[in-house]
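predicted coordinates and the sequence they were generated for:
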Amino acid sequence: MLETAERVDPAFREDVLAGLSAPIPAVPARWLYDRRGSELFDEITRLPSYYPTQTETALLKQILPGVASRVPSGTAVVEFGAGSATKTPLLLEAVRPAVYVPVDISGDYLRESAAEIAGLFPSIRVEPVVADFARPFELPESISAFPKLGFFPGSTIGNFVPRTATDLLRSFRDLLGVGSQLLIGMDRVKPINRLLAAYDEPEGVTAAFNLNLLERINRELDGDIPLDAFRHEARWNDILSRIEMHLVATRDVSFTIADRRFSFASGSSIHTENSHKYGPRGSRVLLLAGGWTPIAEWNDSAGDFAVILSEALPNRFAP
């Protein structure tokens, strides 16, 4: 049964219907993260083959004293796409901000993780914001006077194509303001077999995470997609330097969503997520194009992952 209008995000309906009607069918990756999707992604981050979380967490433990020395006292930390905020305690312990503002699209999951953070750090005010950080939103007025540090870990920036990533970074700059800082994680290019193993592991959790999108569509948009008609597939696109996730039709299939009819031929796919990988120069150029000037950069010993601290400097009158 179709959920009530109050419970169905109209943007979700719009994106699904438009995306599946497009010449190259695709659904924006943000819709993978309902409550169940967020839980599955947390499980993915604990898998042995999923190196990004393990590598970034170890790197943060090493570098955060150096980060803290560059961050003003009394800062408000704004985390974009906070989810379960697993890396956040490391940052808060080092920086000791006045306020922590986690931003995430999954409201229930966000509120639970925010409550956990508040319990761990009673001296830090926690003000969660339920929002899609890829779309315009406002920060609490109560932090307007604070210096701000944006936190964007997990190489989440890699989920966006470069044009959109640049726009997103510019929106972060506008939101946080001139003089603010951004601590961002970026995954590096590495051997293809290792990349594919991280996104199509034998445990099948990433497959369940991807296929959960179809379950969400059925539940929230009155869909009747046969779940056994699609399988998860991870692909490396060398020209675009990215891992792609697809839901591939295992047979010819037709279904309805919100009274709209769709048909997919066997072997065709729905593109659900990208994970772009950046070399050192590419990551810096992306940040600069987004209005952020890198001021410090750290890499793990194997060169698998980078954490970069950038600053929103005033715009120059001329080059």
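Okay, I see it. Numbering: from 1, shown residues only.

what about the helices in this protein?
For the chain, applying DSSP state H gives helices covering 10-21, 35-44, 51-68, 88-95, 107-120, 162-176, 192-199, 205-220, 280-289.

out of these, nearest to residue 263?
Smallest distance to residue 263 across the helices of the chain (C-beta to C-beta): 10.1 Å, for helix 10-21. Heads up, the C-betas are built off the backbone N, CA and C, glycines and all.

among the helices of the chain, which is nearest residue 184?
helix 280-289 (7.4 Å).

report the backbone C-alpha coordinates of that closest one in CSV.
Extracted C-alpha coordinates of helix 280-289, given in CSV (Å, rounded to 0.1, in the frame of the first residue of the first chain):
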residue,chain,number,x,y,z
PRO,A,280,46.9,14.1,-5.3
ARG,A,281,46.8,16.8,-7.9
GLY,A,282,43.2,16.0,-8.9
SER,A,283,42.0,16.2,-5.3
ARG,A,284,43.6,19.7,-4.9
VAL,A,285,42.2,21.0,-8.2
LEU,A,286,38.7,19.8,-7.2
LEU,A,287,39.0,21.6,-3.8
LEU,A,288,40.3,24.8,-5.4
ALA,A,289,37.5,24.7,-8.0
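
report the buried residues of it.
Neighbour counts over helix 280-289 (16 or more other C-beta atoms under 10 Å) mark 282, 283, 284, 286, 287 as buried.

can you put the helices of the chain in CSV and add mean pLDDT?
What follows is these, written out as CSV (pLDDT from 0 to 100):
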stretch, mean pLDDT
helix 10-21, 96
helix 35-44, 92
helix 51-68, 95
helix 88-95, 96
helix 107-120, 91
helix 162-176, 97
helix 192-199, 94
helix 205-220, 98
helix 280-289, 97
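
need those helices in CSV (columns: distance to residue 240).
Below are the helices of the chain laid out as CSV (distance: least, C-beta to C-beta, whole Å):
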stretch, distance to residue 240
helix 10-21, 19
helix 35-44, 22
helix 51-68, 18
helix 88-95, 31
helix 107-120, 30
helix 162-176, 9
helix 192-199, 13
helix 205-220, 19
helix 280-289, 12
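
among those, which is the most enclosed?
Highest mean neighbour count of those: helix 205-220, a mean of 20 (counted as mean count of other C-beta atoms under 10 Å).

could you check the angle that one makes with helix 35-44?
180 degrees (axes from the mean of the first three to the mean of the last three C-alpha atoms, to 10 degrees).

so which of the helices of the chain is nearest residue 74?
helix 88-95 (10.4 Å).

which strands and helices sit next to the closest one?
In terms of contacts (3 or more C-beta pairs under 8 Å, 6 or more residues apart in numbering; DSSP states H and E), helix 88-95 is packed against helix 51-68, strand 76-80, strand 99-104, helix 107-120, strand 148-152.

now that helix: how far from the chain's centre is it?
Averaging C-alpha positions (C-alpha atoms, centre = their mean, to the nearest Å) puts helix 88-95 19 Å from its chain's average.

so what's residue 37 closest to, chain neighbours aside?
With C-beta to C-beta, 6 or more residues apart in numbering as the measure, residue 212 is the residue that lies nearest to residue 37, at 5.1 Å, once sequence neighbours are left out.

oh sorry, the question was meant for residue 147
Nearest non-adjacent residue to residue 147, counting by C-beta to C-beta, 6+ apart: residue 72, 4.4 Å away.

quick check: that neighbour touching residue 146?
No: the pair residue 72 / residue 146 is not scored as a contact, 9.0 Å apart, by C-beta atoms under 8 Å.
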